[in-house]
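J.: Kindly generate the corresponding structure for this input.
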Amino acid sequence: MRDFIDKHAPDIFLIQETHLRPEYSFKIPNYSCYRNDRTHPAPGRGGTVILIKNCIPHYHVPTPPQFTGVEATLIMLTPIDYEPILIGSTFIPPVNDYFKNLNAALDPIFNYNNMTILVGDFNAKHTSWGCPVSDTRGNRLYRYIMNNNIDVLAPPTPTRFGTASATIIDYALIKNLNRPCNIDSIKLRS
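T.: Model (predicted):
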């Protein structure tokens, strides 16, 4: 990861499924690090992180207490002469029941601030963001984004590769951001 950061120098780096535990130290020079480690169930799995360059005006936003079932780390960008932007690194585990009531899971985030970017691993497939098929979770998420005037920004190439399959389950949900954006997936080699 340090090699990737040294090579690409991202302003903001959003990470999901960190597998970090609270007792693990995680620091990158010149970046502020905000974490949401999963402590139960299955300690050490899941978890989200945001790394942001120290020179970018921002502050940490505690995850709302009513935000359940979705793991997220949040920061508020506070650009000079612009409206604040809420940024979230998000992970929704592949097996959970929170997709049955997405409003309860996502409304606290999207209602927190006018402009919001929620990026992550949603584990939901839908043809509208480039998946070859739509699944139940994807259909529920699609209805949620359509009912709440949210845009989906997905990369043109798969973000998950499985046995004889490839699909897009990592993307951004964007609300009220009227600026040009693009997204790409980069396959890292270990």
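J.: SS state for His19?
T.: With DSSP: H, G, I helix; E, B strand; the rest coil as the basis, the three-state label of His19 is coil.
J.: Isn't it up against Arg45?
T.: Yes. Between His19 and Arg45 a contact is recorded at 5.7 Å, counting by C-beta atoms under 8 Å. Where C-beta positions appear, they are placed from N, C-alpha and C, glycine not excepted.
J.: can you pull the contacts of Cys131?
T.: In this structure, Cys131 makes contact with Lys125, Gly138, Thr167, Ile168, Ile169, judged by C-beta atoms under 8 Å, 6 or more residues apart in numbering.
J.: tell me the SS of it?
T.: Recorded secondary structure, Cys131: coil (three-state DSSP).
J.: Which members of the contacts of Cys131 are positioned in strands?
T.: Secondary structure of the contacts of Cys131 is defined by DSSP state E; positions in strands are Thr167.
J.: Now do the helix or strand hosting Thr73: which elements does it pack against?
T.: Secondary structure assigned from DSSP states H and E places Thr73 in strand 71-77. Counting contacts by 3 or more C-beta pairs under 8 Å, 6 or more residues apart in numbering; DSSP states H and E, strand 71-77 packs against strand 31-36, strand 48-53, strand 58-61, strand 85-91.
J.: other SSEs contacting the longest one?
T.: Counting contacts by 3+ C-beta pairs under 8 Å, 6+ apart, strand 85-91 is packed against strand 12-16, strand 48-53, strand 71-77, strand 115-121.
J.: Run through who's touching that strand.
T.: By C-beta under 8 Å, 6+ apart, the list of residues contacting strand 85-91 from outside reads 12, 14-17, 46-50, 61, 70-77, 79, 109, 112-113, 115-122, 177.
J.: partners of Tyr31 in the sheet?
T.: Applying DSSP bridges to Tyr31 yields these beta-bridge partners: Lys53.
J.: I'd say it and Ile52 touch.
T.: Yes. A contact is recorded between Tyr31 and Ile52 when judged using C-beta under 8 Å, the distance being 6.3 Å.
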